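In: I'd like to go over a predicted model; first the sequence, then the structure.
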Amino acid sequence: MNQWEALASDFADRVAEMTGQHLDFTLASLAILDDLLDEWLHLSQVYGSERPDDLSRLVLPLVSYVGETLRHAYGGTWIERPSGPVLCIAQTIELDLRPLVQATLAQQHPPAFARLAAALDRELEDRLGE
């Protein structure tokens, strides 16, 4: 088990303990994750103090869970870059999930990891059709 698999598995275990929701590394679990994040971000905003909660501790666990879920569905490998991990799928698509996760946690846009998987699905189908 590599470090990203271990971090993703630990994250899924902690989510199950905290919420009773089971993140099972299927593409369907990304919709569950989106809903959970939407709820957590809303609660943080509504019940947080004047200074929003620092959610930066969730960046790498989220990157690893989303990345491992996509890797399970489509294959691929992790590449270590100076900026962090990048998931390489089909030897041509490199996904740096960190900016998307950071923007989501900063509430710059709603959680959309299930939509990311759907877009990746379409991209891979287009490439196979060529």
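Out: Thanks, I have the structure now.

In: got the residue ranges for the helices in the chain?
Out: Chain-ordered helices for the chain, with DSSP state H as the definition, fall at 3-19, 27-47, 59-74, 98-105, 113-129.

In: Pick the most deeply packed of those helices.
Out: Mean neighbour counts were compared across the helices of the chain using mean count of other Cβ atoms under 10 Å; the top stretch is helix 59-74, at a mean of 22. The C-beta positions use only the backbone N, C-alpha and C, and glycine is treated the same way.

In: So what touches that helix?
Out: Surrounding helix 59-74, the residues in contact under the criterion Cβ atoms under 8 Å, 6 or more residues apart in numbering are 4-5, 7-12, 23, 25-27, 29-30, 33, 37, 76-78, 84-85, 87, 89-90, 95, 97-98, 101-102, 104-105, 113, 116-117, 120, 124.

In: ok, now with 7 Å
Out: 4-5, 7-8, 11-12, 23, 25, 27, 29-30, 33, 85, 87, 89-90, 97-98, 101-102, 105, 113, 117, 120, 124 (Cβ atoms under 7 Å, 6 or more residues apart in numbering).

In: about what we covered before: could you dump the helices of the chain into a markdown table and include mean pLDDT?
Out: Formatted as a markdown table, the helices of the chain follow (pLDDT from 0 to 100):
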| stretch | mean pLDDT |
| --- | --- |
| helix 3-19 | 96 |
| helix 27-47 | 88 |
| helix 59-74 | 96 |
| helix 98-105 | 94 |
| helix 113-129 | 90 |
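
In: quick one, what contacts L120?
Out: For L120, the set of contacting residues under the criterion of Cβ under 7 Å, 6+ apart consists of L70, Y74.

In: What's the separation between it and L87?
Out: Counting by Cβ to Cβ, to the nearest Å, the separation of L120 from L87 is 10 Å.

In: Likewise for L105?
Out: Taken as Cβ to Cβ, the spacing of L105 relative to L87 amounts to 19 Å.
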